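> Provide a 3D model corresponding to the input given below.
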Amino acid sequence: MISIKLWVYVLRRILILIPTLIGLTLLVFVLVHIQGNNLILAEYINPRLTGQARELEIQRLTQEFHLDQPVYVQYFYWLGQVLTGNLGYTNTPIYSGPVTTAITLFLPNTVVLSLFAALLIWLIGIPLGVFSAVNRDSPADQGIRVFSFTLYSMPIYLIAIALILLLGVYLNVLPFSGEVSPQMVAGLSWFRDGISYPTHVLLIDAILHGDYAVAWNAFLHLIMPSLTLALAVMAGIIRILRASMLEVLEQDYIRLARAKGVPERVVNNLHARRNAMLPVVTSFGYTVAGLLGGVVVVESVFDFPGIGYWTTQALLNNDIGGIMASTLLFGIVLVLTTLILDLVYAVVDPRIRY
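Model prediction:
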């Protein structure tokens, strides 16, 4: 049964979320509007208009967006548009149109990429951290520590390049550009302008349409970017889990379990690892931040059509609508993830009742 103190803690964390989100919107608004109104209007003015027609269009848009009013009034009008789902327009080489549509088209790919990366982190990083701690100071432990420190010190784009050279060029076992080989989707009715339908995730859409050859090709294209993202974040998880496991393994209840004859495998995997995971859960917010920051680089290096690739295109083309929307989206995801992790940690660890 959930205690009253826990409910108070949950309510307090949710209330703190409100000013945090308001601060996020203020930050995004200021960063964009500090560049002046001309850059904002440029997104909406028809480039074919000239002379008097262009001046009239500028006046109309200035009044429509309330750019002739004080900046705090502009903020509230902009916030009202955001709350109703109107995030403006984006104009990039990969998509031009409403920002909300762009998010709908590109976000699913990023979600799938992040989920695959998170799965690899769980399947590889967690066992390596536990194994390293259990075999402390062994050659295997030293090797894992060198591996994790090397990854931790490498920029994510360097990890991507290393994997491309190793798996894509030297061994030639994995593709490293796009989400599918172009010849595989040529002429398909459910793949138009680089976007698959209906889910906008090519791997899933190919399965739904029964085209398993395309699905397998899309899966192969997904491996290298997700592995890059996982390796970039995994190093921190291994270090944190190893340190936490070493501390837990010195606890009295672990020594008692061993004295009672409990098998070492059960002691490590059931008793020790479960408690050692608490710091990992705490740091998972930083893991999410690493994933969000990493997708922008990874998707750009591999030309993977996700929200990060679209954000890069928006930055390169000075697309204000795309820059504002992606910044706001990443900020909201990070804030909500932090809230969820705080609540989960409060449930897992009864000592957390600030």
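> please count neighbours and contacts with C-alpha atoms only from this point.
Will do.
> quick one, what contacts residue 88?
Residue 88 is in contact with 98-100, 321, counting by Cα atoms under 8 Å, 6 or more residues apart in numbering.
> the same query, at a cut-off of 10 Å, please.
By Cα atoms under 10 Å, 6 or more residues apart in numbering, the residues touching residue 88 are 43-44, 78, 81-82, 97-100, 320-322, 324-325.
> need the strands for the protein, in chain order.
Using DSSP state E, the strands of the chain run over residues 89-92, 95-98, 191-192, 195-196.
> out of the contacts of residue 88, who has the most neighbours?
residue 322 (30 neighbours; other Cα atoms under 10 Å).
> need the residue closest to the centroid of this structure.
What sits nearest the mean C-alpha location of the chain, by Cα atoms, centre = their mean, is residue 292, with 2.9 Å.
> enumerate every residue touching it.
For residue 292, the contact set (Cα under 10 Å, 6+ apart) comprises 110, 114, 229, 286, 307-308, 330-331, 333-334.
> and residue 228, by the same measure?
117, 156-164, 234, 294-295, 298.
> now the buried members of these.
By neighbour count, with 16 or more other Cα atoms under 10 Å, the contacts of residue 228 hold 117, 156-157, 159-161, 163-164, 234, 294-295, 298 as buried.
> so among the residues you listed, where is pLDDT lowest?
Lowest pLDDT within these is found at residue 294 (76).
> any regions of the protein where pLDDT drops low?
Scanning the chain for pLDDT under 70 picks out the ranges 1-4, 39, 42-43, 46-47, 270, 281-290, 293, 346-354.
> hmm, back to that, how close does the residue nearest to the centre of the chain get to residue 161?
Using Cα to Cα, to the nearest Å, we find residue 292 at a distance of 19 Å from residue 161.
> check residue 184 too.
Here residue 184 is placed at a distance of 25 Å from residue 161 (Cα to Cα).
> and residue 306, how many residues sit next to it?
Counted by other Cα under 10 Å, the residues lying close to residue 306 total 27.
> correction: the previous question concerned residue 345.
Count around residue 345 with other Cα under 10 Å applied: 17.
> residue 89 versus that one, what's the distance?
Separation of residue 345 from residue 89 (Cα to Cα): 39 Å.
> any idea how far residue 221 is from residue 103?
For residue 103, the distance to residue 221 - Cα to Cα - is 21 Å.
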